[in-house]
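A.B. asks: okay, here's the prediction I keep looking at, along with the sequence it came from:
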Amino acid sequence: MNPGIQEAVTALGDAPLCEPSIERHIAPLFSRVLSSDRVYLANHSLGRPLDAMSDDIAEAVALWYDRLGDAWDAWLEEREAFRARIAELIHAPRHDCVVPKTSAGQGLRSVLNTLTGKPRVVSTRGEFDSIDVILKQYASLDRIAVDWIEPDLSGNFSIEPLIEAAIRGADLVVVSQIMFMTGQIVDGLDRLADACHSHGARLLVDSYHAIGVIPVDAAALSCDFMIGGSYKYLRGGPGACFLYISPEVLKSGLRPLDTGWFANSDEFAYERPDPPVLKCGGDAYLESTPPVLTWYQARSGQQFTLAMGVERLRAYSLRQLGLLRAYLADAGVDSAIGGDSGHGAFLAIRLPNATQLPPLLDAQGIVTDARGEWLRLCPDCLTRDEELRRAASVLGNLLYGTR
């Protein structure tokens with residue numbers, strides 16, 4: 001654990017989070033990113049990094065300069081530390097169930113490529129584009145058949161159609177724990193897992209919008225696979241992603257196609273047996289020479305989340321979202337959804353011109369984004385009340401001429 005992070009979190013004490021204590025103890029950990037006067041409400045997209053992140057990357061680079069090829073000893077220790085931190089965050093039974101990947105999409109492809117024949121895949125129209133594109137591309141090349149589940153009129157997804165599709169027949173079901181457009185938390189994933197396992201299917205859960213936001217328990221969900229990463233709420237930037245594979249799947253004999261020399265039983269022995277002799281467990285899903293800087297890049301954000309505690313961050317997030325929703329309503333924007341137990345870390349506002357609004361807001365110092373017809377607003381624990389009020393006022397003025 002980074003000593004500065006530990007010291008700051010210890011100084012907070014056990015009381016519920018509040019703005020004055022965050023300003024005093026936590027904000028100094030983020031001095032570089034907080035030097036801007038812009039209101040940053042895109043934490044659901046790219047999370048704000050700690051100052052320590054640059055020091056962590058410098059550590060990895062210094063190893064390269066100082067040790068050259070011998071740097072691999074320390075680099076691989078950091079890989080295992082990365083796996084252990086993710087395992088703790090998602091309550092994986094053991095850390096080798098976590099396989100580092102450079103994107104969630106890479107994790108999905110790794111799973112798809114273990115399946116033989118022409119697999120039947122069930123997924124929803126609400127999956128993030130990287131998942132959506134990969135499934136559609138595989139289907140277009142006749143590698144898989146996809147049964148797409150549609151949302152209801154409000155844009156939400158129910159678990160029941162997914163269960164019904166699994167019962168009809170599927171090899172793999174792919175669904176998000178929290179939907180990226182609306183922030184809807186998809187309830188009943190454990191029931192979906194039971195249906196999948198009772199009818200010969202496996203379940204892959206995309207936890208990207210859940211990890212660091214709500215408690216995630218891969219074992220309790222009984223999912224076979226989970227994908228996610230550090231880009232958003234874990235403040236780890238791009239490239240620091242993972243594939244979780246359950247112990248049951250690892251024991252089942254499922255063999256990876258996406259593998260590489262780092263999965264060899266002894267990667268530095270160069271014995272070259274045919275067929276290859278791979279490591280046990282999730283290590284068989286390691287691939288070729290990996291990018292090492294991402295493990296260091298993700299370190300401080302993961303440590304911060306673990307030190308703060310997801311439940312504590314969630315409680316404060318709900319408070320902030322509730323305030324932002326109230327300020328928006330005061331400004332005439334009363335259609336926001338979120339800020340409750342059924343949604344993730346952002347508010348979503350359905351607007352016909354949603355994609356036109358982020359540039360207009362940006363021109364007034366408010367950073368947001370839009371996906372489809374949904375404008376998304378996501379404070380984090382660093383966001384001040386005055387920033388929430390300012391954002392609501394600016395958006396209300398843009399939409400309705402109110403202040």
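C.D. replies: Received the coordinates, thanks. Numbering: from 1, shown residues only.
A.B. asks: can we go C-alpha only for contacts and neighbour counts from here?
C.D. replies: Will do.
A.B. asks: go ahead and confirm Ile5 touches Phe304.
C.D. replies: Yes. Taking contact to mean Cα atoms under 8 Å, the distance of 6.3 Å between Ile5 and Phe304 places them in contact.
A.B. asks: contacts only, for the nearest residue to Glu248 once chain neighbours are set aside.
C.D. replies: Spatially, and ignoring its direct neighbours in sequence, Glu248 is nearest to Asp224 (7.7 Å; Cα to Cα, 6 or more residues apart in numbering). For Asp224, the set of contacting residues under the criterion of Cα atoms under 8 Å, 6 or more residues apart in numbering consists of Arg202, Leu203, Leu204, Tyr244, Ile245, Ser246, Glu248, Val249.
A.B. asks: give me the buried subset of those residues.
C.D. replies: Arg202, Leu203, Leu204, Tyr244, Ile245, Ser246, Val249 (16 or more other Cα atoms under 10 Å).
A.B. asks: between all of those, which two are separated the most?
C.D. replies: Spatially, the most separated pair among these is Arg202 and Tyr244, at 13.1 Å (Cα to Cα).
A.B. asks: ok, back up a step: which among the buried ones among the contacts of Asp224 gets closest to Gly338?
C.D. replies: Top of the list for closeness to Gly338, among the buried ones among the contacts of Asp224 and by Cα to Cα, is Leu204 at 24.8 Å.
A.B. asks: which secondary structure elements does the strand or helix carrying that closest one sit against?
C.D. replies: Using DSSP states H and E, Leu204 sits in strand 202-206. Counting contacts by 3 or more Cα pairs under 8 Å, 6 or more residues apart in numbering; DSSP states H and E, strand 202-206 is packed against strand 172-176, helix 189-198, strand 225-229.
A.B. asks: from Thr102, how far off is the residue nearest to Glu248?
C.D. replies: Spatial separation of Asp224 from Thr102 under the definition Cα to Cα, to the nearest Å is 20 Å.
A.B. asks: which residues touch the most centrally placed residue in the chain?
C.D. replies: Nearest to the centroid of the C-alpha atoms of the chain, with distances taken as Cα atoms, centre = their mean, sits Tyr208, at 2.2 Å. Applying Cα under 8 Å, 6+ apart to Tyr208 gives the contacts Ser176, Ile178, Ile227, Gly228, Gly229, Ser230, Lys232.
A.B. asks: try it again with 6 Å
C.D. replies: For Tyr208, the contacting residues are Gly228, Gly229, taking Cα atoms under 6 Å, 6 or more residues apart in numbering as the criterion.
A.B. asks: per-domain residue ranges of this structure.
C.D. replies: Following the assignment in automatic domain parsing, the chain carries domains at 3-51+309-400, 56-304.
A.B. asks: what's the span of the shortest one from first residue to last?
C.D. replies: With Cα to Cα as the measure, the first residue of domain 3-51+309-400 is 48 Å from its last.
A.B. asks: what is the mean pLDDT for it?
C.D. replies: Confidence over domain 3-51+309-400, taken as the mean pLDDT, stands at 97.
A.B. asks: same thing with the last one?
C.D. replies: pLDDT averaged over domain 56-304 equals 97, rounded to a whole number.
A.B. asks: quick one, strands of the stretch 101-250 of the chain?
C.D. replies: Taking DSSP state E, counting those that start in this stretch as the test, the strands found in the stretch 101-250 of the chain are 120-124, 145-149, 172-176, 202-206, 225-229, 241-245.
A.B. asks: all helices for the stretch 201-350 of the chain, in order.
C.D. replies: Per DSSP state H, counting those that start in this stretch, the stretch 201-350 of the chain has helices spanning 218-221, 247-251, 293-297, 299-308, 310-330. These are given in chain order.
A.B. asks: pull the number of nearby residues for Pro238.
C.D. replies: Here the count is done by other Cα atoms under 10 Å, and Pro238 has 17 residues near it.
A.B. asks: show me what contacts the closest residue to it other than its chain neighbours?
C.D. replies: Closest residue to Pro238 in three dimensions, ignoring its sequence neighbours and counting by Cα to Cα, 6+ apart: Tyr231, at 5.1 Å. Contact analysis of Tyr231 by Cα under 6 Å, 6+ apart lists Leu46, Gly237, Pro238.
A.B. asks: could those residues go into CSV alongside distance to Ala329?
C.D. replies: Below are the contacts of Tyr231 laid out as CSV (distance: Cα to Cα, whole Å):
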residue, distance to Ala329
Leu46, 26
Gly237, 33
Pro238, 34
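A.B. asks: closest one of those residues to Ser154?
C.D. replies: The closest of the contacts of Tyr231, once distances to Ser154 are taken by Cα to Cα, is Leu46, at 26.4 Å.
A.B. asks: now do the SS call for the closest one.
C.D. replies: What DSSP: H, G, I helix; E, B strand; the rest coil gives for Leu46 is coil.
A.B. asks: quick check: the gap between it and Gly228.
C.D. replies: Distance of Leu46 to Gly228, given as Cα to Cα: 14 Å.
A.B. asks: more crowded one of those two?
C.D. replies: For Leu46 versus Gly228, neighbours defined as other Cα under 10 Å are more numerous around Gly228 (26 against 17).
A.B. asks: now do the end-to-end distance for stretch 259-270.
C.D. replies: Between the start and the finish of stretch 259-270 there is a gap of 16 Å, counting by Cα to Cα.
A.B. asks: equivalent analysis for stretch 240-252, please.
C.D. replies: Looking at stretch 240-252, the gap from its leading to its trailing residue is 27 Å under the measure Cα to Cα.
A.B. asks: same check on stretch 63-71?
C.D. replies: Using Cα to Cα, the end-to-end distance of stretch 63-71 comes out at 5 Å.
A.B. asks: show me what counts as buried in it.
C.D. replies: Along stretch 63-71, the positions that meet the burial threshold by neighbour count (16+ other Cα under 10 Å) are Leu63, Trp64, Ala71.
A.B. asks: swap in stretch 19-30?
C.D. replies: By 16+ other Cα under 10 Å, the buried positions in stretch 19-30 come out as Ser21, Ile22, His25, Ile26, Ala27, Leu29, Phe30.
A.B. asks: residues contacting that stretch, please?
C.D. replies: Around stretch 19-30, the neighbours that count as contacts under Cα under 6 Å, 6+ apart are Ala8, Leu50, Asp51.
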